[in-house]
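>>> Just a sequence and a predicted model for now, questions to come.
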Amino acid sequence: TAEGFHLRLLEHVRKTVKPGDASNMIATIDNYCYTVESGMNVGDVKGKILDDIVLETNPTTVLELGTFCGYSALRIARNLPENSRFFTVEFNPEHAAVAKEIIHTAGMDDKIQMLIGPSQEMIPQFKGMGVSHFDLVFVDHEKDLYKPDVILLEKEGLLKKGSVIVADNVVYPGSPDYIDYVRNNPKFKSTNYMSELEYHKDVVDAIEKSIYIG
Ligand SMILES: COCc1ccccc1-c1cc(O)c2[nH]cnc(=O)c2c1
Ligand SMILES: [Mg+2]
């Protein structure tokens, strides 16, 4: 069952990965998901779209909502400039524990700051942590929280002109209220990147990029 995927992945990683190498960790996770069992990592195909958006944005302050096992945190951190700050929020403590070990083994501890708790409680704390705004936000957690969390980010003054919101799974499982919100909101300019569900060539999914114009 999908239940326990994170523990089986961690066992596999412990046995096979080359420590201190984020790219090797990413490849190891993808290989496991293609050959053994798929997990809800953004994956290599949508991950490439995410990589390109990160590289094009060149963000110095980044937020990820939904760490899971740390796969997309590694993909993002790998492409950030030296002096950047990257926060990832995970509400499930078991997933967070696996992500912490995976991030540590990949040698990316000093690039990624993980917060454990509900996004609605974590977001209001960032101003107090010296974050003025986020240049890029990757939204990949509970689909019903996409819209309320983006609204909260704006309310907290954590978005500024040019801030980029990248949302996973806007087709499958889908987040219709979020898509309706950003596409009909004059404060956002949205672009859809059609792709496929991670590790499932036959299932359509997409990434939505929304630039905050304020
Ligand atoms: C490997 O496919 C996993 C999968 C399969 C069927 C239905 C949904 C999902 C899925 C895919 C994702 O990228 C997800 N990202 C974030 N939070 C999720 O709950 C989530 C669920
Ligand atoms: Mg996802």
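Thanks, I have it. Numbering: from 1, shown residues only. Ligands and ions are numbered 1, 2, ... in the order given.
>>> Can you pull the residues of this protein lying near ligand 2?
Within the chain, the positions near ligand 2 by Cβ under 5 Å from the ion are 140, 168-169. All C-beta spots, glycine's among them, are computed from the backbone N, C-alpha and C.
>>> would you list those residues in a markdown table and tack on neighbour count, pLDDT and secondary structure?
Shown next, in a markdown table, are the residues of the chain next to ligand 2 (neighbours: other Cβ atoms under 10 Å; pLDDT from 0 to 100; DSSP: H, G, I helix; E, B strand; the rest coil):
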| residue | neighbour count | pLDDT | secondary structure |
| --- | --- | --- | --- |
| D140 | 25 | 99 | coil |
| D168 | 30 | 99 | coil |
| N169 | 24 | 98 | coil |
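>>> Those residues: which ones sit near ligand 1?
Near ligand 1, judged by Cβ under 6 Å from any ligand atom, the entries from these are 140, 168-169.
>>> In the protein, what residue spans correspond to helices?
Counting by DSSP state H, the chain has helices at residues 5-16, 22-35, 43-57, 71-77, 93-105, 119-122, 146-155, 176-183.
>>> And stretch 9-19, what's buried?
9-10, 12-13, 17 (16 or more other Cβ atoms under 10 Å).
>>> Contacts only, for the nearest residue to R183 once chain neighbours are set aside.
Distances taken as Cβ to Cβ, 6 or more residues apart in numbering place S190 nearest to R183, at 5.3 Å, with adjacent residues excluded. Counting by Cβ atoms under 8 Å, 6 or more residues apart in numbering, S190 makes contact with 182-183, 208-211.
>>> and this protein, which of its residues are near ligand 1?
Taking Cβ under 6 Å from any ligand atom, the part of the chain that reaches ligand 1 is made up of 38-40, 66, 140-141, 168-169, 173, 197-199.
>>> from these, which two are the most distant?
Farthest-apart pair in the residues of the chain next to ligand 1 is H141 and Y199; separation 18.9 Å (Cβ to Cβ).
>>> Which one of these two is surrounded by more residues?
H141 (22 against 19; other Cβ atoms under 10 Å).
>>> Would you check that that one makes contact with S72?
No: the criterion here is Cβ atoms under 8 Å, and H141 misses it with S72 at 11.0 Å.
>>> Figure out how far stretch 17-30 is from the centre of its chain.
Distance of stretch 17-30 from the chain centroid (Cα atoms, centre = their mean, to the nearest Å) equals 17 Å.
>>> List the buried residues in that stretch.
For stretch 17-30, the neighbour count (16+ other Cβ under 10 Å) marks 17, 22, 25-26, 28-30 as buried.
>>> residues contacting the closest residue to ligand 2 within the chain?
Per Cβ to the ion, the residue of the chain with the smallest distance to ligand 2 is D168, at 3.7 Å. Contact partners of D168, counting by Cβ under 8 Å, 6+ apart, are 42, 46, 50, 72, 138-140, 205, 207.
>>> could you redo the last one with a cut-off of 7 Å?
Neighbouring residues of D168 by Cβ atoms under 7 Å, 6 or more residues apart in numbering: 42, 46, 139-140, 207.
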